[in-house]
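Colleague: A structural model of the following input is requested.
(one chain, ligands or ions: 1)
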Amino acid sequence: MTRRVLGLVCAAAGGVEEIRERLIEPMISDGWTIAVTLTPTAATWLEAIGEVDKIAAVTGLPVRSTPRLPGERSPHPEVDCYAVIPATANTVAKLALGLADNQALTAVCEAIGRRQPPVVVFPRINAAHAGQPNWHSHIQALSAAGVHLIYGDDVWPLHTPRGAPGRQLPWPAIRTRIQDAVPAGM
Ligand SMILES: Cc1cc2nc3c(=O)[nH]c(=O)nc-3n(C[C@H](O)[C@H](O)[C@H](O)COP(=O)(O)O)c2cc1C
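Modeller: Here you go, the predicted structure:
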């Protein structure tokens, strides 16, 4: 069976430091190829703890955080699905508005605009983020565009800012939603 390719985009939110162990390695074991792109801030965080090189080693692909030069080829293969895990409130707002001012946003904004490949987003947010006046319209806009949101009290009840240090992301639900977005055998 052909390996499905996941374009994994990580923003600078809690839990990103565990992305290799909790998401990348299990999904590689499940038969996926993973091409990782980081927001610029997530790249500085993961560089600082030595995770960028480890992710490149386990995925066998360069970890992207900057755009290619005009005329350069993308170092990543075409993907069957994008997953933005974790997504910050900032990155969710930019995706909803089509703001593409870094490589991670550029790739996912295009997928949302084309309505393919599928896009899965887990907003790793707190109650203050959701209290922003435009938050609900961002969520509605992404949902209306067919984005698979991992969102709501059943998967991520909102905590107060700094009220849940070290809180685990809902990794099993995240893995299931990605698997469901791209049926095996595609
Ligand atoms: C230690 C720390 C933890 C953070 N955790 C979150 C978080 O869980 N969710 C969130 O939306 N923003 C969080 N932020 C704020 C984002 O990192 C910040 O808004 C950043 O500009 C997001 O950039 P990005 O969306 O390009 O990754 C955190 C910041 C710090 C310093």
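
Colleague: and the gap between the most far-flung residue of the chain relative to its centre and residue 57?
Modeller: Distance from the centre of the chain peaks at residue 71, with 26.4 Å (C-alpha atoms, centre = their mean). Separation of residue 71 from residue 57 (C-beta to C-beta, to the nearest Å) stands at 28 Å. The way it works is simple: take the backbone N, C-alpha and C, and place the C-beta from them, glycine included.

Colleague: neighbours around residue 78, how many?
Modeller: Here the number of neighbours of residue 78 (other C-beta atoms under 10 Å) works out to 9.

Colleague: how about the nearest residue to it, chain neighbours excluded?
Modeller: residue 5 (6.8 Å; C-beta to C-beta, 6 or more residues apart in numbering).

Colleague: what about the one you found, which SS state?
Modeller: strand (DSSP: H, G, I helix; E, B strand; the rest coil).

Colleague: And the pLDDT for it?
Modeller: Note on residue 5: pLDDT of 98.

Colleague: Now do the same contact list for it.
Modeller: Contact partners of residue 5, counting by C-beta atoms under 8 Å, 6 or more residues apart in numbering, are 32, 33, 34, 35, 77, 78, 79, 80, 81.

Colleague: Surely the fifth one touches residue 34?
Modeller: What it means is residue 77. No - using C-beta atoms under 8 Å, residue 77 makes no contact with residue 34, being 10.4 Å away.

Colleague: Quick check: neighbours shared by these two?
Modeller: By C-beta under 8 Å, 6+ apart, the residues touching both residue 77 and residue 34 are 5, 61.

Colleague: With neighbour numbers in mind, choose between these two.
Modeller: Neighbour tally, residue 77 and residue 34, criterion other C-beta under 10 Å: the higher count belongs to residue 34, 25 against 12.

Colleague: I'd like the next helix or strand past the strand or helix carrying that one.
Modeller: In this structure, residue 34 sits in strand 32-38 according to DSSP states H and E. Downstream of strand 32-38, the next assigned helix or strand under DSSP H and E is helix 40-48.
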